[in-house]
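Enquirer: Using only what follows, build the 3D model:
(one chain, ligands or ions: 2)
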Amino acid sequence: DIKSNVKIYGKSTGHFPRIYEYDVDLVRDAICEILDVKKKKRKPGRIGIHIPSRPPVLCAGCPHRATYYAVKLASKKDTIFPTDIGCYTLGKFPPLEVADVLLCMGSNAGMACGFSISTNQKIISFMGDSTFFHAGIPALIDAAHHNHDCVITVLDNRTTAMTGHQPHPGTQYDGMGRKAKMIKVEDVARGVGIEHVEVVNPKNLKETTAAFKRALEYKGPSVIVSKSPCILLEVRDKIEKGVKIQKYEIDQEKCTKCKTCVSRFGCVAFYIDKKGNVRIDQEQCNGCGVCVQVCPFNAIRKVGD
Ligand code: SF4
Ligand code: SF4
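Expert: Numbering: from 1, shown residues only. Ligands and ions are numbered 1, 2, ... in the order given. Sure thing, here's the model as predicted:
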């Protein structure tokens with residue numbers, strides 16, 4: 001994306017295969033070949049190097065984080081959240097913790113229907129836009145047919161992000177890059193008989209929280225389409241167009257160190273420095289601007305303001 005002149009080795013140079021899992025031996029052999037060093041047989045045992053733990057996280061500025069934050073604001077503490085397969089499954093981890101059960105692709109909505117009957121609670125489920133088109137629609141028909149009392153959320157980030165940004169029927173291009181008819185999630189939901197359908201922009205926390213509250217009050221099945229492009233697509237698009245990515249920073253004079261931004265919202269661009277000040281890593285910030293709405297003390301501002 002940054003058009004660097006660095007030589008890149010990979011599948012296209014024949015150093016990595018198109019098939020098989022990239023295990024330690026396979027990667028070591030490829031690196032040895034690239035560096036032109038002799039391949040050594042690996043002896044089993046401990047490496048003795050301290051490697052920091054790096055759990056998988058939603059990217060800085062990911063719209064799913066904003067949706068989940070709004071859901072937490074709108075819902076009760078004991079709400080059950082069935083989820084599905086995609087980047088958004090990472091909502092399982094603290095501080096968001098909005099993934100209680102995952103079975104298989106497309107199962108979120110079916111579980112929401114079943115749990116709403118067996119627990120007599122309002123369930124909120126999550127699936128991505130690609131999952132919706134792949135396997136999510138049949139359970140939606142069931143929800144409408146049986147009038148199941150649950151909220152089915154489609155996290156529509158305009159791509160199949162987890163597997164590398166492939167298109168799907170909700171995008172304007174097909175798998176071969178040709179122009180294709182774009183099918184809207186909300187049209188399909190209404191078409192199969194869901195009567196309460198709302199489309200929200202998760203970057204507007206107030207609007208998104210209000211939409212979830214309305215869906216929770218509604219008797220019967222509802223669909224919330226939380227629509228905002230994957231932040232990586234947005235950043236790439238800006239770089240290609242030469243548009244500046246606005247960074248954000250914390251006004252240390254206003255910051256009370258309440259840590260709401262870290263412990264409840266959890267954007268990975270936030271860190272606490274050695275003096276205990278909360279800061280935003282300028283390299284990681286992707287400029288979504290959602291944290292500004294999270295801070296109760298108006299301490300987050302655009303760099304340069
Ligand atoms: S604007 Fe705030 S929430 Fe968005 S990426 Fe930057 S630090 Fe994270
Ligand atoms: S939420 Fe605001 S006041 Fe609280 S620690 Fe973060 S920046 Fe500081």
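Enquirer: Show the contacting residues for the residue in the stretch 51-200 of the chain positioned nearest to ligand 1.
Expert: Residue of the stretch 51-200 of the chain nearest ligand 1, by C-beta to the nearest ligand atom: residue 61 (3.4 Å). For glycine as for every other residue, the C-beta is placed from the backbone atoms N, C-alpha and C. Applying C-beta atoms under 8 Å, 6 or more residues apart in numbering, one finds that residue 61 lies in contact with 231, 234-235, 267, 269, 285-288, 290.
Enquirer: ditto for residue 255
Expert: By C-beta under 8 Å, 6+ apart, the residues touching residue 255 are 277-278, 297, 299.
Enquirer: now those: which count as buried?
Expert: Neighbour-count burial (16 or more other C-beta atoms under 10 Å) is assigned, among those, to 278, 299.
Enquirer: So which of the contacts of residue 255 belong to strands?
Expert: residue 278 (DSSP state E).
Enquirer: Now for the contacts of residue 255: which two are most distant?
Expert: Pairwise distances across those peak at 13.9 Å for 277 and 297 (criterion: C-beta to C-beta).
Enquirer: Could you double-check that residue 264 lies in contact with residue 65?
Expert: No: contact between residue 264 and residue 65 fails when scored by C-beta atoms under 8 Å: they sit 10.9 Å apart.
Enquirer: ok, these two, which is more surrounded?
Expert: A count of neighbours by other C-beta atoms under 10 Å puts residue 65 above the other of residue 264 and residue 65, at 28 against 15.
Enquirer: Show me what from the stretch 1-150 of the chain comes close to ligand 1.
Expert: By C-beta under 6 Å from any ligand atom, the residues of the stretch 1-150 of the chain that approach ligand 1 are 60-61.
Enquirer: thinking residue 105 is in contact with residue 132, fair?
Expert: No: using C-beta under 8 Å as the test, residue 105 is too far from residue 132 to be in contact (10.5 Å).
Enquirer: And the two? Which one has more around it.
Expert: More crowded of residue 105 and residue 132, by other C-beta under 10 Å: residue 132, with 28 against 16.
Enquirer: Any idea what the nearest residue to that one once chain neighbours are set aside is bridged to?
Expert: For residue 132, ignoring the flanking residues on the chain, the nearest one in space by C-beta to C-beta, 6 or more residues apart in numbering is residue 154 at 5.1 Å. Note on residue 154: beta-bridge partners by DSSP bridges are residue 127, residue 225.
Enquirer: circling back to that earlier point, contacting ligand 2 as well, which ones from the contacts of residue 61?
Expert: Taking C-beta under 6 Å from any ligand atom as the test, ligand 2 is in contact with none of these.
Enquirer: distance of the residue of the stretch 101-250 of the chain found nearest ligand 2 from residue 47?
Expert: Nearest residue of the stretch 101-250 of the chain to ligand 2 (C-beta to the nearest ligand atom) works out as residue 250 at 4.7 Å. Distance of residue 250 to residue 47, given as C-beta to C-beta, to the nearest Å: 38 Å.
Enquirer: more neighbours, those two?
Expert: Regarding residue 250 and residue 47, a neighbour count based on other C-beta under 10 Å identifies residue 250 as having more, with 20 against 8.
Enquirer: can I assume the more buried one is in contact with residue 282?
Expert: No: counting by C-beta under 8 Å, residue 250 stays clear of residue 282, with 11.2 Å between them.
Enquirer: okay, and the common contacts of these two?
Expert: Counting by C-beta under 8 Å, 6+ apart, nothing touches both residue 250 and residue 282.
Enquirer: Tell me the secondary structure at residue 61.
Expert: Following DSSP: H, G, I helix; E, B strand; the rest coil, residue 61 is assigned to coil.
Enquirer: Could you identify the helix or strand that succeeds the least confident helix or strand in the chain by mean pLDDT?
Expert: Using mean pLDDT, DSSP states H and E, the weakest-scoring helix or strand in the chain turns out to be helix 24-35, at a mean of 93. The helix or strand immediately downstream of helix 24-35 is helix 63-74, counting by DSSP states H and E.
Enquirer: Return the set of buried residues in the helix or strand following that next one.
Expert: From helix 63-74 onward toward the C-terminus, using DSSP H and E, the following helix or strand is helix 107-119. Across helix 107-119, burial judged by 16+ other C-beta under 10 Å covers 107-116.
Enquirer: Good, we can wrap up now.
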